[in-house]
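*Asks:* please work out how this folds:
(3 chains)
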Amino acid sequence: MSGDGDARTVPVDRLDRAGAATEWLRLAAEVAAANRAYHGADAPEISDADYDALKARLIAIEERFPDLAEAGSPSAEVGAPPAEGFAKVRHAVRMLSLGNAFTAEDVAEFDGRIRGFLNLPAGAPLAYTAEPKIDGLSLSLRYEAGRLVQAATRGDGETGENVTPNARTIADIPQRIDAAPEVLEVRGEVYMAGADFEALNARQAAAGAKTFANPRNAAAGSLRQLDPAVTAARPLRFFAYAWGEVSEPLAETQMQAIARLAGFGFATNPLTRRCDTLAELAAYYAGIEEQRATLGYDIDGVVYKVDDLALQARLGYRSTTPRWAIAHKFPAQLAWTRLEAIDIQVGRTGALSPVARLHPVTVGGVVVSNATLHNEDYIAGRDARGNPIRDGKDIRVGDWVQVYRAGDVIPKVADVDLSKRPGGAEPYVFPDHCPECGSEAIREPGDSVRRCTGGLVCPAQAVEKLKHFVSRGAFDIEGLGAKQIEMFFADAALPIREPADIFTLAARDAASLARLKNRDGWGEKSAQNLFAAIEERRRIPLDRLIFALGIRHVGEVVAADLARHYGNWPAFLAAVDAAGPALARHLAAEAAVEAERAAANAEGRRARISETRDAVWADPPLPEGARAAWMDLVNIDGIGTTVAVSLVTTFHQPAERASIDRLAAHLTVADVAARGAVDSPVAGKTIVFTGTLEKMTRAEAKARAEALGAKVSGSVSKKTDLVVAGPGAGSKATAAAELGIETIDEDAWLALIGG
DNA sequence: GTGCCTCGAGTTCC
DNA sequence: CTCGAGGCAC
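*Replies:* Alright, predicted model coming up:
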């Protein structure tokens, strides 16, 4: 850092507003100048370290006085590129994955679901396309005015990595295309042919470089090279099979669209076929499976898509997969090996998860030495309901076990060879105490998981909670990943034992920088970067904060629901606090209802459920607003009593609450706006469909309405905003009329939402 | 009460 | 990626 400049500066937390404003102007000008110098061809005027220090201080000032940066700040610009890695790219249209089918029945169900959704009779024609599923990595290529402007990996589907310079080196990918739509995103698979893979590995071995386990890894490793020259030297290929954003429709059917892509100069898979019946799909699958070994490239199944693009549009998407396509996977590859040990891992919720330590074995081109064993029932050979799995065969240390990779990724134990079981092998005894902290580990009735009861006292839980806290959807602090958390957790001099410690790391110890930079893998620059990254996250959106707390049953989606409902941290805290007294009452009421059920059963009378529940809630009286706060929480869409109990319990455990309060003291929590208003005439409305719908099925109508931001309900109440009534509508239409709710027919509905 | 669908929490290897 | 289970509609 620029020592003379910063030594004289006032700590940011002691700056007054006027001083901050003056300094902000100066820093903003310097950072902007450095950004210009960097982006232009000029040699940068200042070193990276000085730049980082300037920017860190600028950001720190903006954290404290956010209004200063409102008109725009150079801190938002990307200055020096990250030392490694690729820029992130947000996909204009999400890159989804496909649902899987493993059997002919799964495929028949897929076909049945589609026919049901579209309301097609069983015999009606419905054409599919079928193509081999290439085992590579998917890539999205964006063309504007016919020129390749961006190539991005799939990433998590929302955001991928910008690998444009690398993609330009792939011969199958045209730099320019003629007569194309103004905007065209072509999607497909980057892969490496088997022969090319062998040759590459031979070259790698000869050069003393590391070899790749399989063509897919080689393709992925080659595409994600920081130096495009390396990628250029790798034999990568590309098949186009889909598209993202397009400024005009490509075609009317999938087959035509693929033909158009081929016309633009893309390689498309020559085995793509149209199939008119399930029998044709089955024959295609069998044929491809037969050719698999001689194709020259790896595939892991075949993909079926509804051919008619208008039908694809009607079918639309579920949360992570299209309804109109499915991958029919080949059977997983299997391998036998010896189970050497069973270890227990403790997760952030205290779950004890057994992991099989295996004698290393190659499964589908990858060496596997660990596999999940799920839970204690899975080891014992029965499922949660007590039904036998693996014919009831249990798993013992020393057994020969059959391993496969579920979805070609997660290793699992499929079977046990009892004939090879060593004499003296004992049934595995699942621990009833936490192997990490010794606390009792108990299994709630009906739960398949045994959990450590140590809570924050358990070091394993504490460290896993911290890892969750810094993970991607949560605080996502650059330079503070799982490995660094482990390091800091175990560090006696500079420990991080709870989230609040992260934000005192720099301040706790002026010498921390010196201590950090002398550690393995840490230099002054990386320590500075870490502190700057932490500073950047002092301001955090409410949804991320709630998610980061790691409350059981509160994941990313529920956290976002809560944040949108309460809007800001004080309101959220106030609501959870207010609901506190109702928590015990809820539990007492449910216990009383259980008791009443049992009593009624014994006495052979009808249980008086709501009377019992109401009585417990009513007496003794609860503090003002407690029940209202509880009901408000439980009535949020997607939140029920399980989530509410978990949430309120967490905030009312003194140790947990103290830890949360300590954390919050370091943060500026950004408000979250109510559910993003979709721009449609029905956004936010509650709609009921009734009677016979003639132009669409009920499922389709519901999906369309929800995509437009409406809530679809099954029954008419005073909350209903609109009723769409087809012929034969009965009591619901009457109820709507009585309540004075607007009722329209199907055509009016279609006109309202635009066809 | 039953049956979807979605979400959460767990896992491996590169 | 998969499993279990929570939430909710039927």
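
*Asks:* just give me the longest helix of chain A.
*Replies:* Identified as the longest helix of chain A according to DSSP state H is helix A:569-603.

*Asks:* now that one: buried residues?
*Replies:* Using 16 or more other Cβ atoms under 10 Å as the test for burial, helix A:569-603 gives A:569, A:572-573, A:575-576, A:578-583, A:585-586, A:589, A:592-593, A:596. The way it works is simple: take the backbone N, C-alpha and C, and place the C-beta from them, glycine included.

*Asks:* so is the helix or strand following that helix next to DNA strand B?
*Replies:* Sequence order places helix A:609-618 as the next helix or strand after helix A:569-603, per DSSP states H and E. No - applying Cβ under 7 Å from any atom of the strand, one finds helix A:609-618 out of contact with DNA strand B, separated by at least 10.2 Å.

*Asks:* wait, doesn't A:Thr231 sit right on A:Ala171?
*Replies:* No - contact criterion Cβ atoms under 8 Å: A:Thr231 and A:Ala171 do not qualify, at 11.7 Å.

*Asks:* got any residues that touch both of those two?
*Replies:* Residues touching both A:Thr231 and A:Ala171 (Cβ atoms under 8 Å, 6 or more residues apart in numbering): none.

*Asks:* residue contacts, the closest residue to DNA strand C within the stretch 101-250 of chain A?
*Replies:* For the stretch 101-250 of chain A and DNA strand C, the shortest gap (Cβ to the nearest atom of the strand) falls at A:Phe102, measuring 8.0 Å. Applying Cβ under 8 Å, 6+ apart, one finds that A:Phe102 lies in contact with A:328-329, A:331.

*Asks:* can you check the pLDDT for the closest residue to A:Ala707 other than its chain neighbours?
*Replies:* Nearest non-adjacent residue to A:Ala707, counting by Cβ to Cβ, 6 or more residues apart in numbering: A:Gly316, 6.8 Å away. We note a pLDDT of 81 for A:Gly316 in this prediction.

*Asks:* do A:Gly3 as well
*Replies:* 34.

*Asks:* A:Gly221 now?
*Replies:* 88.

*Asks:* in a strand, it, correct?
*Replies:* No - counting by DSSP: H, G, I helix; E, B strand; the rest coil, A:Gly221 falls outside a strand, being helix.

*Asks:* gap between it and DNA strand B?
*Replies:* Using Cβ to the nearest atom of the strand, to the nearest Å, one obtains 7 Å as the distance from A:Gly221 to DNA strand B.

*Asks:* now that residue. Nearest residue, chain neighbours left out?
*Replies:* In this structure, A:Gly221 finds its nearest non-sequential neighbour in A:Phe212, 6.3 Å apart by Cβ to Cβ, 6+ apart.

*Asks:* angles on the backbone of that neighbour, please.
*Replies:* phi -100, psi 150 (degrees, to the nearest 10).

*Asks:* report the contact partners of it.
*Replies:* Applying Cβ under 8 Å, 6+ apart, we find A:Phe212 in contact with A:197, A:200-201, A:204, A:218, A:221.

*Asks:* which among those residues end up buried?
*Replies:* Among these, those buried by neighbour count (16+ other Cβ under 10 Å) are A:197, A:200-201, A:218, A:221.

*Asks:* now these as TSV including secondary structure?
*Replies:* Below are those laid out as TSV (three-state DSSP):
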residue	secondary structure
A:Phe197	helix
A:Leu200	helix
A:Asn201	helix
A:Ala218	helix
A:Gly221	helix
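
*Asks:* could those go into a markdown table alongside distance to A:Arg154?
*Replies:* Putting the buried ones among the contacts of A:Phe212 into a markdown table (distance: Cβ to Cβ, whole Å) gives the following:
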| residue | distance to A:Arg154 |
| --- | --- |
| A:Phe197 | 21 |
| A:Leu200 | 23 |
| A:Asn201 | 25 |
| A:Ala218 | 18 |
| A:Gly221 | 16 |
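
*Asks:* do you know the pLDDT at the residue of chain A positioned farthest from its centre?
*Replies:* The C-alpha centroid of chain A is most remote from A:Glu603, which lies 50.2 Å away (Cα atoms, centre = their mean). In this model, A:Glu603 is scored at 82, pLDDT.

*Asks:* again with A:Ala207
*Replies:* 87.

*Asks:* now for the closest residue to DNA strand C within the stretch 51-200 of chain A: which residues touch it?
*Replies:* Nearest residue of the stretch 51-200 of chain A to DNA strand C (Cβ to the nearest atom of the strand) works out as A:Ser97 at 4.2 Å. Counting by Cβ under 8 Å, 6+ apart, A:Ser97 touches A:157, A:320-321.

*Asks:* repeat that for A:Ile477.
*Replies:* Taking Cβ under 8 Å, 6+ apart, we find A:Ile477 in contact with A:470, A:502, A:530, A:533-534, A:537.

*Asks:* how about A:Glu109?
*Replies:* Applying Cβ under 8 Å, 6+ apart, the residues contacting A:Glu109 are A:Ala101.

*Asks:* where's it, which helix or strand?
*Replies:* Assigned by DSSP H and E, A:Glu109 belongs to helix A:104-118.

*Asks:* give the rounded mean pLDDT of that helix.
*Replies:* pLDDT averaged over helix A:104-118 gives 83.

*Asks:* buried ones in that helix?
*Replies:* Within helix A:104-118, the residues that count as buried by 16+ other Cβ under 10 Å are A:107, A:110-111, A:114-115, A:117-118.

*Asks:* how about stretch A:399-410?
*Replies:* Buried-residue list, stretch A:399-410, by 16+ other Cβ under 10 Å: A:399-405, A:408.

*Asks:* contacts for it, please.
*Replies:* With Cβ under 8 Å, 6+ apart as the test, stretch A:399-410 has contacts from A:100, A:135, A:300, A:332-339, A:356, A:358, A:361, A:363-364, A:366, A:368, A:371-372, A:395, A:411-417, A:420-422, A:425.

*Asks:* out of the residues you listed, which are buried?
*Replies:* Applying 16+ other Cβ under 10 Å to the contacts of stretch A:399-410, the neighbour count classes A:135, A:300, A:332, A:335, A:337, A:339, A:356, A:358, A:361, A:363-364, A:366, A:368, A:371-372, A:395, A:411-416 as buried.

*Asks:* just the CA trace of the helix holding A:Glu109, in CSV.
*Replies:* Output in CSV follows, covering the C-alpha atoms of helix A:104-118 (Å, rounded to 0.1, in the frame of the first residue of the first chain):
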residue,chain,number,x,y,z
ALA,A,104,-38.6,-47.1,-20.6
GLU,A,105,-41.3,-46.5,-17.9
ASP,A,106,-39.6,-43.2,-17.0
VAL,A,107,-39.8,-42.2,-20.7
ALA,A,108,-43.4,-43.3,-20.9
GLU,A,109,-44.2,-41.2,-17.8
PHE,A,110,-42.4,-38.2,-19.4
ASP,A,111,-44.6,-38.6,-22.5
GLY,A,112,-47.7,-39.0,-20.3
ARG,A,113,-46.9,-35.9,-18.4
ILE,A,114,-46.6,-33.9,-21.6
ARG,A,115,-49.8,-35.3,-23.0
GLY,A,116,-51.6,-34.5,-19.7
PHE,A,117,-50.2,-31.0,-19.6
LEU,A,118,-51.2,-30.3,-23.2
